[in-house]
Each structure stands twice: as structure tokens, then as C-alpha cells.
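> structure for this input, please:
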Amino acid sequence: MNKEYFAFISYQREDEEWAKWLAHELEHYHLPLSLNGREDLPHDLRPIFRDVDELSAGNLPQQIHQALENAKHLIVICSPRSAKSPWVNKEIEEFVSMGKTDKIFPFIIEGLAMCKDSEDPLECFPPSLRNLPKDDERLGANVNENGHGSNILRTCDDCPIKEDHLKDDKKGDINEKGRDAAVVKIIAGMLGLSFDTLWQRYEREKAEEERKIKEQRDNLLKVQSRFWASKVHELIGMGDHKTARLLALAALPQNMQTPQRPYVAEAEEALRYTIDSMNPVEKVQSILRNDVPRVEIIQPAFLSPNGKTIISTYSTAIDYTNELPSDYSKESIIRIWGCRSGELMKKLNTKTTHSYATFSPNGKYIVSAGWDSIVYIWDRKRYRIIKTFKGGEDIPIIFIVFSKDSSHVVALSYVDILQIWEIETGNYHKINLNDEEMSNLGNVYPDIWDVIYRERGENVFQGNKTCYYLWDSINRIANTPNGQITISSDFAFRAVARNDVIVIYKNDGSIFKTIKGHNGRIRFVSFSPTGSKLVSTSDDGTIKIWDVDSGICVKTINESSYSAIFTPDGEKIVTISSETGSIQIRNFAPLQQLIDEFSKYRYGQLTSEERKKYYFD
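Reported below is the predicted structural model:
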């Protein structure tokens, strides 16, 4: 009984590797799931005839003839070599003589098709393909094409079949996508399907398969990384700092931009812990030096857009001589500090105790406001008041910021009222924080929306309604009538401290992560510039830096602090010490910098026994 073949592959012996690869791809091809069950389509594309696999001893021409007769389709591996092969040419002629010309599919691996001169050394079509009647000409699939989906034959510039937009060099560019697209073109032709539809489904399912494989691999690597990270504290406790560093580095990607293994926060914590164990005394820059009398800062200190200066407001004077007047305990001075020098640069004397002051995004102004509900605009260069605004409400201002373009200041009062002033004209507008009035805000003041965070859905403070917060875009915090919160720069997340727990909410109001780790009431939370990290301070006398995605603490600082805010570059943290009332600047080196710095300690230095013990081999 003669064997039936789905396709016969014709090729020149020098192109055998291509024929072998193509046969494997066809025999292992699975139709997209969306096409399963169609009665007009085969379950698979088997068997495929390739002479080395199928021929037996005996009359070869007769066996070839029989296989061609029993094959539904003929695939011709086209190259300048096969174009000169009499055997390939004869197989095509026989298939044509059987009345199956429309079942021939050229698969071009090299060269050009239908050149004007049949003797052109780049010609890849055998004579029997070149000389088909015009109505029977066959279009080929070319592995050198980029997989854009065009079912067009690659040709030379002067050949009868034109395709002007394909201008690759003569050899083309063989790549994985080009090969895959060529195979799918052949399959689409043999099954009578649209290439575009089949290719899109093929790419989607291949991507999904690759995603699953990567996910399985990444999950195994994460388990391995967490195992190595778990050993770090144990090794340091035993005094083995070297092996601890090696394990911590091995558990992390070498390059965070193009990671060869997935990042896990436990590994970052392990590396930072090994570094801290080598340098147990952290270098902290305290920038409260030359202020007399000394003051204790009891409000958060905020940064300028470039991170070079710090502004602080509400303070308590410290009386060392018992000569201060009794009314000097709460002062009305705004202080500007130099981040690098640690020096007090300027004192801005005011008539009221200001609860809040911040810089404009363009760096030209400072705005301050407080209990008397008067707004002061300061010239940043000369440090003098250039504008004074009084709102329509005699209510203390708890929070005030600039619009993103620095043209307006927006203040939040205790009674859920937004007050807006245009800096140049002094024009004033008041809006209640409710859906009806806020809905028109974008039309009247489009730039103001850049500092308004809108949260939909159930809210922990105000029930099931839309809530609005005024947001300091430079320092990524917001004050509400119910307390301080922090909002990520892309508005994707909002973090709230609730006793000793941090709750991170998505923009729709749903809970993204609940973070536990402090042993006391949390005082302050703030996102890093990228939103990947979160810093918190607590009554338990610690400052903690958290990885937002995992909720894992990557660094703990044993220091009691009122507040903590990342600098704009994310490489330092500005804190207010609860013990001294001073402003302090702490380094928080980027993870990639630490990996690069300690890369010489890579796990290659482990002994064979250590590698076996920690499952490297």
C-alpha cells in the first residue's frame, strides 16, 4: 500500500540542513487553538517526505515518482545551487505533469527569483519553475524577509515580478522571525488560509508559549535567589562576610536594565545588609550647624527640584542659656539649607508661624502659608516677598503647592476647600472638594490637574465616593484633612500609614499591598522618584525602605525620625531626627551601583564544596 504524504520536500544536497529543519518545523506545527475542530483542516501536517528519511534500496526514480504522486504538496528549497540541480528540476517537472502546479510552494533560502538573465549566479528558481506559464507562476516564501506579513516573492530589480519596497541586500537578513514567517507562509498556502490571520495567531500563541517557559524559568530562579539570600544573615552571624557577599551578588541580576535573572527584593536586602555589616557606622551628614539659637525642626523639610537646597518651616527654639523670651518657643522663620555644604543659607522672617513651604517646579519661587491663611510668594533668587495673597476664607492653610507650570499656587484648607491664585495677576478662585465643582476644574484650570490626585471607589477615609488630594509633585507627598499620605509620580499608587501598617492603594481605590514591619505607629511615608521604593519612619525608632512590588523591607536604619523624603535623584534620603531635631542626609545608593562596585566578589570565587553546598552546580 502506497504511503500518502502531506508534502514532498525537493532540495539540493548542499541545502540538506535547511530541508531537515523545515521538515521538523512542519511535522511539529500545531494549528492555532482557534482553528481546532474545523473539518476542512488536517489535524497535523504529517508525514513529510524527505528522500534521506523515506527512500529504500531499489529503483530510486520509481520511488521518487511514487512519492510525488502520493504527495499533496511540493515544497522546493530554492537557492542558486538548487536552481542548477537536474534532480530538483525533474521533480518539479513530474509534479507539474501530474496536474498539481497549484500545489507547488517555493521556499527561498538564498539568492533572487525570476532574474532577467536565467544564467545570473543569484537565480534561485530551477528552469521548470521559471518557465511556468504566466497564469501558473508561483509566489515563494523567503527566509530573508522580516516577517512583516507580505506574501510577496523576493525578486531582483529588473525581473518581471516587482516589489519595490523590499530593498534588502542580495543575501538578505536571515533571522528567527524571518524563518518563522516563511514557514507560516508555506503552511497558509498549503491550507488555503490567509497568511496575515495565521501569522498573527502564530505569533500570539508563540509569545504565550515563550511567556510560560520564561515564567517557569523565572520562578525557579526566584526560589534559588531567595534561598541564597536567606543564608546571608546566617553567614554574617558566623563571621563569613566573603561568602555572604558572594551569595547576595549571585542572587541579583548583573544588569538591572537587561537582567539575566529576575530581581527579588530579598536579594537586594541581603546585599545592602552585607555592605552595612562591613561599614556598621553609617556616614550621615547633619546639616544643622550654624543657626543660633539652635532650633529643633518639627515639620517635614522639603527639597528644591534639583535637590540642592532644603526648606524647613515650623521649628522650636532650644534654649541653652535660659535667656530666650517665653514667646520665642515657637518661631516664624523659614530656613533654606544647602544640601552639599550643610550650611544654613538664608532665614526668611515672616509675621506668622508657617505650617508649609515649598519650591516652584521651575525653581524661581517659594510659596509659604500657615495659620493666618495668608499666602506669601518669595523670589527664590533674592529671597524677598514679591506677592501676598489673602483668600476668601479665614481658615488655616494646611498644604500649598505650585501648579506644574509654576503659574498658580493651590492651597488646601481644613474644611475641604481648594483656593487657587494666579501668581502674575492675583486672580482668585475657590472650589469645594466635591464632584460637582471639581468636574469643571479641568476646563478652567487645566494645569491644576497635574497636582490633583483623584481617587475613585471605596476610600478608607471618606467612604464610597471620589476623593481629591492636593499633591506636591517635587516631594511626592500630600496632606489631607485626615493626615499625610504619599502619591507616586505616575499617580498609579497612594500609600497611607495606619498605625503600624502601610496600605498601598491603586488609583481605583483597591488595595495593592499591605506592608507590615514596624513595631510602632508610623509617622511618615514617601515614595521614591520612580515609585519603586517607599520610605517610612516610625515611633519604633527606625527608618525603613521598602520595595513596593513585593512589600519587602530592603534596608533598615536605626534612627528615630519625624519624616523622610527621597532626593530627586533617588540616591539620598533627607530625614528630620526626633532626637536632635536636625536635618540629616543619608545615602541610599542605587542597586546597580552596588552590584557594579562589588562585582569583583562574584560567586565564581566560591570553592567547589561551597558551590555544591549552595546548589550552584
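
> now do the buried residues in stretch 125-135.
Residues of stretch 125-135 classed as buried by neighbour count (16 or more other Cβ atoms under 10 Å): 125, 126, 127, 128, 129, 130, 132. (Glycine included, C-beta is placed from N, CA and C.)

> in helices only, show me the residues you listed.
Using DSSP state H, the members of the buried residues of stretch 125-135 that fall within helices are 127, 128, 129, 130.

> let's have the residues you listed in a markdown table, adding pLDDT and distance to residue 542.
Shown next, in a markdown table, are those (pLDDT from 0 to 100; distance: Cβ to Cβ, whole Å):
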| residue | pLDDT | distance to residue 542 |
| --- | --- | --- |
| 127 | 96 | 83 |
| 128 | 96 | 82 |
| 129 | 95 | 77 |
| 130 | 94 | 80 |
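
> how about those residues in CSV, adding distance to residue 232?
Listed next are those as CSV, based on distance: Cβ to Cβ, whole Å:
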residue, distance to residue 232
127, 71
128, 70
129, 66
130, 69
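
> which of these sits closest to residue 263?
Of all those, residue 263 sits closest to residue 129, with 53.5 Å by Cβ to Cβ.

> dump the residue contacts of the closest one.
Contacts for residue 129 (Cβ atoms under 8 Å, 6 or more residues apart in numbering) come out as 76, 78, 92, 104, 106, 138.

> could you rerun that using 7 Å?
76, 92, 106, 138 (Cβ atoms under 7 Å, 6 or more residues apart in numbering).

> could you dump those residues into TSV and include distance to residue 541 and secondary structure?
Putting these into TSV (distance: Cβ to Cβ, whole Å; DSSP: H, G, I helix; E, B strand; the rest coil) gives the following:
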residue	distance to residue 541	secondary structure
76	78	strand
92	85	helix
106	76	strand
138	80	coil
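
> what is the neighbour count of residue 514?
11 (other Cβ atoms under 10 Å).

> any idea whether it is helix, strand or coil?
Three-state assignment for residue 514 (DSSP: H, G, I helix; E, B strand; the rest coil): strand.

> tell me which element the nearest residue to it once chain neighbours are set aside falls in.
With Cβ to Cβ, 6 or more residues apart in numbering as the criterion, residue 514 has its nearest non-adjacent residue at 5.5 Å, and that residue is residue 503. Counting by DSSP states H and E, the element that carries residue 503 is strand 501-506.

> look at the residue nearest in space to the middle of the chain and report its pLDDT.
In the chain, the residue lying closest to the centroid (Cα atoms, centre = their mean) is residue 257, at 9.2 Å. With respect to pLDDT, residue 257 has a value of 91.

> could you give the secondary structure assignment for it?
coil.

> that one and residue 26, how far apart?
38 Å (Cβ to Cβ, to the nearest Å).

> what does residue 189 give?
Applying Cβ to Cβ, the value for residue 189 to residue 26 is 12 Å.

> my guess is residue 466 contacts residue 454. True?
Yes. Using Cβ atoms under 7 Å, residue 466 is in contact with residue 454, at 6.3 Å.

> which residues touch the strand holding residue 503?
493-496, 511-516, 522, 525, 534, 536, 548.

> try stretch 30-39
Taking Cβ under 7 Å, 6+ apart as the rule, stretch 30-39 contacts 41, 201, 202, 205.

> tabulate the residues you listed (CSV), appending neighbour count and secondary structure.
Compiled in CSV, the contacts of stretch 30-39 are given as follows (neighbours: other Cβ atoms under 10 Å; DSSP: H, G, I helix; E, B strand; the rest coil):
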residue, neighbour count, secondary structure
41, 13, coil
201, 17, helix
202, 21, helix
205, 15, helix
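
> show me what contacts residue 89?
126, 127, 128 are the contacts of residue 89 under Cβ under 7 Å, 6+ apart.

> wait, which of these is closest to residue 69?
Distances from residue 69 to those, taken by Cβ to Cβ, are shortest for residue 128, at 16.9 Å.

> look up how far residue 93 lies from that closest one.
Per Cβ to Cβ, residue 128 is found 5 Å from residue 93.

> kindly report the same for residue 582.
Applying Cβ to Cβ to residue 582 and residue 93 gives a distance of 93 Å.

> if you count what's nearby, which of these two comes out ahead?
residue 582 (19 against 15).

> from what I see, residue 418 and residue 403 are in contact.
No. Contact between residue 418 and residue 403 fails when scored by Cβ under 7 Å: they sit 11.8 Å apart.

> common neighbours of these two, please.
residue 410.

> tally of neighbours for residue 579?
That count, for residue 579 with other Cβ under 10 Å as the rule, works out to 10.

> what's the helix or strand hosting residue 212 packed up against?
Residue 212 is located in helix 195-237, with elements delineated by DSSP H and E. Using 3 or more Cβ pairs under 7 Å, 6 or more residues apart in numbering; DSSP states H and E, the elements in contact with helix 195-237 are helix 176-191, helix 241-250, helix 265-278.

> helices of the stretch 301-450 of the chain, residue ranges please.
435-438, 441-444 (DSSP state H, counting those that start in this stretch).

> nearest to residue 339, out of those?
Going by Cβ to Cβ, the one of these nearest residue 339 is helix 441-444, 34.6 Å.

> please tell me how far the spatially closest residue to residue 182 that is not a sequence neighbour sits from residue 108.
What sits nearest to residue 182 in space, not counting adjacent residues and going by Cβ to Cβ, 6+ apart, is residue 141, at 4.0 Å. Distance of residue 141 to residue 108, computed by Cβ to Cβ: 7 Å.
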